[in-house]
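Chemist: Here is the input, now give the coordinates:
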Amino acid sequence: MADERPLYERDPAAWQAHLAEGNARQPRKRVGADVLLRNRRGEILLVNPRYKPDWDLPGGMAEANEPPHVTAAREFREELGLELRVGSMLVVDWVAPHGPWDDSLMFVFDGGVLPGTAHLRPTDGELAEARFVALDDARALLRPYIWQRLRHAVGALADGRPRYLVGGA
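Modeler: From the prediction side, this is the model:
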């Protein structure tokens, strides 16, 4: 009579090999994480990266096996020299493949309100500038899908309901 127990019970080593093979064959997703940081006037912090044509929210791409909220805090620290307590997740946006890029998941986290004594300035070569702007003024600086992501993040902050977006919508 054949042993009818599942593979994970009959042969734990074979089960682990099966899982490892599946993991190696499944697609990987790029993950990015940004921060929505405000000042006491309610303006939004935007950054002007040197490596792309438009302004953006502060943040960047995750390293291998790095949780998105850790990515957001690390990128903020590396680019703007400030330790930031990253708050709740406001938005997850699935971005379709475009140009040379595969699809990705982009997160936006609540960065809170900048304390009155903190000073922000770019601390590495990736950013040309960082400044607070009124939400209405942000629209002219951001690519349309980043503007939509920001708009939804502000909405999630206001009503406490995170948003799942597809391409900013």
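Chemist: Can you name the residues in contact with the helix or strand of the chain with the lowest mean pLDDT?
Modeler: For the chain, counting by mean pLDDT, DSSP states H and E, helix 7-10 ranks last in confidence among helices and strands (a mean of 82). Residues from elsewhere that reach helix 7-10 (CB atoms under 8 Å, 6 or more residues apart in numbering): 3, 14-15, 18. For glycine as for every other residue, the C-beta is placed from the backbone atoms N, C-alpha and C.
Chemist: Which parts of this structure are strands?
Modeler: Remark: strands assigned in the chain by DSSP state E are 30-38, 44-49, 59-61, 89-95, 104-113, 127-133, 163-166.
Chemist: and these, which is most packed in?
Modeler: Across the strands of the chain, the average number of neighbours (mean count of other CB atoms under 10 Å) peaks for strand 30-38, which reaches a mean of 22.
Chemist: Contacts only, for residue 60.
Modeler: 32-34, 71, 75, 78-79.
Chemist: if we go to 6 Å?
Modeler: residue 75 (CB atoms under 6 Å, 6 or more residues apart in numbering).
Chemist: Quick one, grab the pLDDT at it.
Modeler: On the pLDDT scale, residue 60 is placed at 97.
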